[in-house]
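Asker: Got a predicted structure plus its sequence, pasted below:
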Amino acid sequence: MTSVKVTDLVKDYTLRTGLKRTRLRAVDHVSLELTPGRTVALVGESGSGKSTIAKILTRMERPTSGTVDVRLDDGTPVANGDYRREVQMVFQDPFASLNPFHSIEHHIARPLKIHRRTRTAEDTRRVVLEMLERVNLTPADTIAPRRPHELSGGQRQRVAIARALAPGAQVLIADEPVSMLDVSIRLGVLNLLGRLQREDQLAVLYITHDLATARHFSDEITVLYRGRVVERGPADAVILDPHHDYTKLLALAAPDPERPGRVTSEAGVDRESIDNSTCYDHFAGEWREADVQAAEARTDA
Ligand SMILES: Nc1ncnc2c1ncn2[C@@H]1O[C@H](COP(=O)(O)OP(=O)(O)O)[C@@H](O)[C@H]1O
Ligand SMILES: [Mg+2]
């Protein structure tokens, strides 16, 4: 089993418009931890830096500063060569993430071979079918030869999940895994992720803008606003007792299944006045300055 400790992560992008260069801080001193058997939801509106964090965690981007420490159970750091096996990503768009020219079997066989999980062709074939069954794509032998366009969006996302787990990944970064899927099949895919997480004791980062599914599918919620963490805590505490104005706004925007059609006011929260310089930490039961939080993370390390 594998844990991830993200400390004081910063990511700046340089934007060029004509002759001018401006710096955009997409991620601003973010710390978080992923542990086996737990799901942490990273919640925030579009542009808040969620995908940037996901890309840094999966080494598709380098941080400007800060560290990502990935360790096995016994405390040994995961070697660079093993990193991609241990930490895998499920992307938002299941159309874009699968190759239209390759069969479903090929998509899952490839990581098995690259990471030497199987030795012979028969062995690979057997494990591919097992993986398809695990993600409820049955009968597996009729799904395996198909191409991505012959599957529905939900089925394609199940293939993407099977492919992510094929190398034996212990850490799964799911970046808005159901937001492009039909509403009616979202719960099925989230339930699948939940089951796999429990069966394999995966450490999961569930990225979403939807507080309702964050509460249902996560142990912890971390709320991101303009690149900074503004609230964190156990899922129920964050949803039922939001402290930060931004979390309150998100909670109001989330549909309440117990009160359908409820018209919500903005609870007296003025969007313009929301700042991201403080963070409410439900674990500590106190407000913290964003920089203090980062400084503490530094001294811990
Ligand atoms: N490669 C990039 N170059 C420049 N700016 C980027 C790049 N990737 C993301 N950004 C900017 O960083 C901010 C955070 O983006 P992102 O992490 O994709 O947010 P989210 O996933 O929460 O919608 C946005 O303002 C976005 O425009
Ligand atoms: Mg995103």
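Answerer: Great, that's in hand. Ligands and ions are numbered 1, 2, ... in the order given.
Asker: From ligand 2, how far off is residue 169?
Answerer: 20 Å (C-beta to the ion, to the nearest Å). To be clear about C-beta, it is placed using only N, CA and C from the backbone, and glycine gets the same treatment.
Asker: In this structure that residue contacts residue 88, no?
Answerer: Yes. The criterion here is C-beta atoms under 8 Å, and residue 169 meets it with residue 88 at 3.8 Å.
Asker: those helices in the stretch 101-250 of the chain, which residues are they?
Answerer: Ranges of helices within the stretch 101-250 of the chain are 104-114, 121-134, 140-143, 153-165, 183-200, 211-217, 235-240, 245-253, based on DSSP state H, counting those that start in this stretch.
Asker: Out of these, which is closest to ligand 1?
Answerer: The closest of the helices of the stretch 101-250 of the chain to ligand 1 is helix 245-253. By C-beta to the nearest ligand atom, the value is 12.9 Å.
Asker: Direction included, what does the helix or strand following that closest one pair against?
Answerer: Downstream of helix 245-253, the first helix or strand assigned by DSSP states H and E is strand 278-281. Partner strands for strand 278-281, per DSSP bridges, with pairing direction: strand 228-234 (parallel), strand 286-289 (antiparallel).
Asker: is it true that residue 5 lies in a helix?
Answerer: No. Counting by DSSP: H, G, I helix; E, B strand; the rest coil, residue 5 is not found in a helix; it is strand.
Asker: Show me which residues of this structure sit near ligand 1.
Answerer: 13, 15, 24, 26, 44, 46, 47, 48, 49, 50, 51, 52 (C-beta under 6 Å from any ligand atom).
Asker: And the furthest pair within the residues you listed?
Answerer: 15 and 44 (20.4 Å; C-beta to C-beta).
Asker: So which of those two has more stuff around it?
Answerer: residue 44 (24 against 10; other C-beta atoms under 10 Å).
Asker: you'd agree that one is up against residue 209?
Answerer: Yes. If you go by C-beta under 8 Å, residue 44 and residue 209 touch, sitting 6.6 Å apart.
Asker: sorry, back to before: turn the helices of the stretch 101-250 of the chain into a markdown table, columns for mean pLDDT and mean neighbour count.
Answerer: A markdown table is the format used below for the helices of the stretch 101-250 of the chain (pLDDT from 0 to 100; neighbours: other C-beta atoms under 10 Å):
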| stretch | mean pLDDT | mean neighbour count |
| --- | --- | --- |
| helix 104-114 | 96 | 19 |
| helix 121-134 | 97 | 16 |
| helix 140-143 | 97 | 16 |
| helix 153-165 | 96 | 23 |
| helix 183-200 | 95 | 16 |
| helix 211-217 | 93 | 20 |
| helix 235-240 | 95 | 18 |
| helix 245-253 | 88 | 20 |
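Asker: Which residues belonging to stretch 144-154 are considered buried?
Answerer: For stretch 144-154, burial by neighbour count (16 or more other C-beta atoms under 10 Å) applies to 144, 148, 151, 153, 154.
Asker: Take those residues and lay them out in CSV including distance to residue 125.
Answerer: Shown next, in CSV, are the buried residues of stretch 144-154 (distance: C-beta to C-beta, whole Å):
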residue, distance to residue 125
144, 8
148, 19
151, 19
153, 26
154, 24
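Asker: of all the residues you listed, which two lie farthest apart?
Answerer: 144 and 153 (18.8 Å).
Asker: Deepest-packed of the strands paired with strand 278-281, please.
Answerer: strand 228-234 (a mean of 23; mean count of other C-beta atoms under 10 Å).
Asker: so what's the residue of the chain found nearest ligand 2 closest to, chain neighbours aside?
Answerer: Across the chain, the shortest distance to ligand 2 (C-beta to the ion) belongs to residue 51, at 3.2 Å. Nearest residue to residue 51 in three dimensions, chain neighbours excluded: residue 175, at 5.7 Å (C-beta to C-beta, 6 or more residues apart in numbering).
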